[in-house]
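Engineer: I need the structure of the sequence given here:
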Amino acid sequence: MFGLTQLGMIHTAISLIAVAAGLIALIRDKEISPRNTLGKIYVIATILVCLTGFGIFQHGGFGKPHVLGIITLIVLAVAYVAGYTKLYGRLSPYIETVGYSATFLFHLIPGVTETTTRLPLGAPLLPNAEAPALQVASALMGVAFLIGAGLQVRRLRARLGRPAT
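Structural biologist: Okay, the predicted model is just below:
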């Protein structure tokens, strides 16, 4: 289905759960927090997406998607440490919040790429992952992330009553 292997279908289904949980959390709570059910679902699903992604070699061998999976796991670990320890001092809440939001961006980039290069069936919107329109879309998602992260930092500063320095 949609040119996906069985593992690819499982990976995609888990991805959709993660993206839905992350989107709802960002809208409802203005952050993704592993301290509530929605955040836990997001984090667990994101880890599973990364792990299942390592077994997908649709475009040859080890590539950019696999590197993104490794980066995502590292950022999840950094965000987790920031949230549950004082390793980063006063910056911990900022690192945690922005870190989890960054992993949401990391879902969107391959999600948009795969969707636009596969759908609609037989006549995808874009010819391949190198299409200039995808580069523009990725840049726009990056700008949206930076704006969102800035708003999150501002919200944290107001809530915590101290600067993010």
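
Engineer: Give me the residue at the spatial middle of this protein.
Structural biologist: The centroid of the chain falls nearest to Phe104 when counting by Cα atoms, centre = their mean (2.5 Å).

Engineer: State the phi and psi torsions of it.
Structural biologist: Here is the backbone geometry of Phe104 (degrees, to the nearest 10): phi -70, psi -40.

Engineer: In contact with it: list those residues for me.
Structural biologist: By Cβ atoms under 8 Å, 6 or more residues apart in numbering, the contact list for Phe104 reads 19, 22-23, 26, 32, 145. C-betas here are computed from N, CA, C, even on glycine.

Engineer: Of those residues, which count as buried by neighbour count?
Structural biologist: Among the contacts of Phe104, those scoring as buried are 19, 22-23, 26, 32, 145 (criterion: 16 or more other Cβ atoms under 10 Å).

Engineer: Low-confidence bits of the protein, can you list those?
Structural biologist: 1-3, 58-59, 162-165 (pLDDT under 70).

Engineer: And the helices in it?
Structural biologist: 6-29, 37-53, 64-84, 92-118, 132-160 (DSSP state H).

Engineer: wait, which of these is closest to Leu125?
Structural biologist: Among the helices of the chain, the nearest to Leu125 by Cβ to Cβ is helix 92-118 (4.4 Å).

Engineer: what angle separates the closest one from helix 132-160?
Structural biologist: Angle, helix 92-118 to helix 132-160, by axes from the mean of the first three to the mean of the last three Cα atoms, to 10 degrees: 160 degrees.

Engineer: got the angle between helix 92-118 and helix 6-29?
Structural biologist: For helix 92-118 against helix 6-29, the angle by the same axes, to 10 degrees is 130 degrees.
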